[in-house]
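Enquirer: Predicted model, plus sequence, below.
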Amino acid sequence: MLASQVEQQQGDDEKKPLSISEALDVAKGSLEKLKLRVLGEVSEVNVKPGYANAYFTLKDETGTLPCQMWHDRFEKCGITLEVGMMVELVGRFSLYPKKGRMHFQVFAISVAGEGMLRQQVAILQRKLEAEGLMAPERKVPVPAYPMKIGVVTSPRGDAIHDVLRTTRRRFPLAHIYVAGVPVEGARAPEYIVEGMRACFRARVEVILLVRGGGSYEDLMPFNDEQLARAIVKCPIPVVTGIGHEPDTTIADLVGDLRASTPTGAAEAVTVQTSQLAAQLRSMGEYIAQRQQQRIQHATLSLDRYATRPIFKDPRSMFASDLITLDIAHDRLSRALPANIERDKTRLAAYASRLSVKPAIFDRASAKLENYSSRLRSSTASLDRNTLRLSAQCDRLREVSSKLLTPAQHEVALKAGRLHDLSPLATLSRGYAIARDGEGRIVKHASALSPGDTFEVTVADGSICATVDSIRASERSDS
């Protein structure tokens with residue numbers, strides 16, 4: 001459109017020229033129709049929370065490009081721009097007419113090259129860290145002296161030789177189980193996980209996940225999410241030694257122990273034999289010292305017990321009891337004869353008193369026999385009286401039965417007459433009793449007036465009613 005307008009203006013010199021604002025509007029409209037993808041290096045960044053836009057500049061060998069991006073869109077992309085970072089932008093050119101300045105309006109931004117890989121790793125790191133997979137309390141402690149060590153690495157790399165050489169030098173008693181797997185390529189994480197499973201099946205005590213140095217792209221298999229989750233689920237402690245000192249991968253962060261190099265990983269799970277021997281000597285000396293102290297303490301205690309009188313003369317332990325026993329024996333030997341003589345005297349007195357008792361017993365026996373005979377005669381008289389009383393009771397029941405029969409008949413007749421005369425019986429035959437408000441029985445219709453309330457008693461209850469009207473009987477009152 002701009003070219004057509006320029007050509008049209010050149011071909012027709014008689015037309016009015018465009019103003020500055022009109023020319024800028026034409027340029028702005030033409031530029032905003034071009035949507036481009038731009039690659040460059042960040043040379044300047046100006047991102048402030050209060051601004052509506054994020055401002056930054058890209059450059060290459062020969063030129064610079066001022067860029068702006070809406071602040072909310074910039075925050076959603078999740079990228080922290082730094083000077084020197086290679087980025088790829090999607091946007092269009094725009095023109096600010098008031099200032100006559102052109103800039104690149106950015107729609108999307110992504111990190112290019114190695115930076116993109118680092119961004120992906122950073123996003124995965126934040127995700128796993130939010131799940132708690134990198135928490136120290138989750139990690140499994142490494143055994144102090146593992147005898148079976150599994151190594152997952154490339155069988156042709158320098159890492160396996162470093163591990164074998166270090167282990168053979170420091171702790172040759174350990175058995176090494178090597179799971180040779182590829183450590184580069186798209187399927188490397190899958191093979192590494194399978195190598196860890198093989199070590200688990202071999203029942204090793206610790207797994208070394210190692211490889212030598214390389215570029216950031218070479219270490220990407222160790223930034224794989226599935227490998228990271230396999231390390232977390234592994235019940236055997238995993239020690240990582242990947243790359244060189246500054247290299248840090250996701251596997252290092254989720255592993256149970258991180259070493260800077262493969263050699264460092266081997267050193268972390270082994271102990272030097274000389275150091276082990278020194279520890280054993282130190283422990284032996286400590287045990288010997290402690291045993292010597294215990295023996296000395298026991299000897300002093302034994303000497304202290306040996307000086308006690310009881311161990312020199314065991315009878316001194318019972319000396320006071322023996323003296324008490326002798327005193328008691330002496331007192332008993334003197335008391336027994338006197339008590340026996342006193343008992344003999346009392347026994348003789350009781351014997352003399354018992355010799356007089358037979359005469360008293362004879363008199364008492366005669367009295368007892370007399371009382372027995374009198375009791376027997378009283379028992380016979382009681383039996384006669386009992387028979388006589390029984391006969392009189394029989395006669396009394398016979399006479400009372402004869403006397404009660406006429407009275408019972410008379411009571412039955414009167415009860416029947418009373419039942420016939422009872423108002424309740426009358427009510428049960430369908431009659432009713434009317435009472436006025438004061439409880440008096442209504443005998444005449446004139447006793448009530450219209451509007452009065454009265455109570456009608458029937459067989460099974462009472463009915464409250466109100467007089468609406470009064471109809472006099474045709475028969476005259478007698």
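Expert: Here it is on my side, so go on.

Enquirer: L387 and S43, how far apart?
Expert: 148 Å (Cβ to Cβ, to the nearest Å). For every residue, glycine as well, the C-beta is placed using N, CA and C.

Enquirer: T153 too?
Expert: 41 Å.

Enquirer: okay, these two: which has more neighbours?
Expert: Neighbour count, other Cβ atoms under 10 Å: between T153 and S43, T153 has more, with 28 against 15.

Enquirer: and the more buried one, what are its bridge partners?
Expert: G180 (DSSP bridges).

Enquirer: Quick check: it vs K233, distance?
Expert: Counting by Cβ to Cβ - T153 and K233 are separated by 20 Å.

Enquirer: ditto for V193
Expert: 10 Å.

Enquirer: Check A54 too.
Expert: According to Cβ to Cβ, A54 stands 41 Å off from K233.

Enquirer: do E410 as well
Expert: 111 Å.

Enquirer: show me where the stretch 151-300 of the chain has helices.
Expert: Ranges of helices within the stretch 151-300 of the chain are 158-170, 188-201, 225-233, 250-254, 262-269, 273-306, based on DSSP state H, counting those that start in this stretch.

Enquirer: Could you check the angle the first one makes with helix 273-306?
Expert: Translated: helix 158-170. 40 degrees (axes from the mean of the first three to the mean of the last three Cα atoms, to 10 degrees).

Enquirer: Not including adjacent chain positions, what is the nearest residue to G243?
Expert: G213 (4.9 Å; Cβ to Cβ, 6 or more residues apart in numbering).

Enquirer: My guess is that neighbour contacts P246. True?
Expert: No - G213 is beyond contact range of P246, at 9.9 Å (criterion: Cβ atoms under 8 Å).

Enquirer: When the two are compared, which one has more neighbours?
Expert: Taking other Cβ under 10 Å, G213 and P246 do not tie; G213 has more neighbours (16 against 7).

Enquirer: Phi first, then psi, for that one.
Expert: phi -70, psi 170 (degrees, to the nearest 10).

Enquirer: repeat for L418
Expert: The phi/psi pair for L418 (degrees, to the nearest 10) is phi -70, psi -40.

Enquirer: Pull the number of nearby residues for it.
Expert: By other Cβ under 10 Å, neighbour count at L418 equals 10.

Enquirer: where does the stretch 351-478 of the chain dip in pLDDT?
Expert: 355-359, 425, 427, 473-478 (pLDDT under 70).

Enquirer: So which residues of it form helices?
Expert: 423-428.

Enquirer: Same question for the stretch 1-150 of the chain.
Expert: 2-11, 20-31, 71-77, 114-130.

Enquirer: Tell me who's in contact with the closest residue in space to L24 that isn't next to it in sequence.
Expert: Spatially, and ignoring its direct neighbours in sequence, L24 is nearest to P97 (4.1 Å; Cβ to Cβ, 6+ apart). Counting by Cβ atoms under 8 Å, 6 or more residues apart in numbering, P97 touches 21, 24-25, 28.

Enquirer: same deal with T457?
Expert: 427, 432-435, 463.

Enquirer: 10 Å instead?
Expert: 423-424, 427, 431-435, 441, 463 (Cβ atoms under 10 Å, 6 or more residues apart in numbering).

Enquirer: A266 now?
Expert: A266 touches 149, 151, 159, 162-171, 174, 176, 208, 210, 239, 241, 259, counting by Cβ under 10 Å, 6+ apart.

Enquirer: Report the separation between it and Q275.
Expert: Taken as Cβ to Cβ, the span from A266 to Q275 is 15 Å.

Enquirer: same deal with G416?
Expert: 128 Å.

Enquirer: next one: G284
Expert: G284 is 15 Å from Q275, by Cβ to Cβ.

Enquirer: same question, I250
Expert: For I250, the distance to Q275 - Cβ to Cβ - is 33 Å.

Enquirer: Tell me where the chain has strands.
Expert: Using DSSP state E, the strands assigned to the chain run over residues 35-46, 53-59, 64-70, 86-96, 101-111, 148-153, 175-180, 206-211, 238-242, 257-259, 433-435, 453-458, 461-466.

Enquirer: could you dump the ones you listed to a markdown table with distance to L336?
Expert: As requested, those are exported to a markdown table (distance: least, Cβ to Cβ, whole Å):
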| stretch | distance to L336 |
| --- | --- |
| strand 35-46 | 122 |
| strand 53-59 | 123 |
| strand 64-70 | 125 |
| strand 86-96 | 124 |
| strand 101-111 | 119 |
| strand 148-153 | 89 |
| strand 175-180 | 91 |
| strand 206-211 | 90 |
| strand 238-242 | 94 |
| strand 257-259 | 92 |
| strand 433-435 | 108 |
| strand 453-458 | 105 |
| strand 461-466 | 102 |
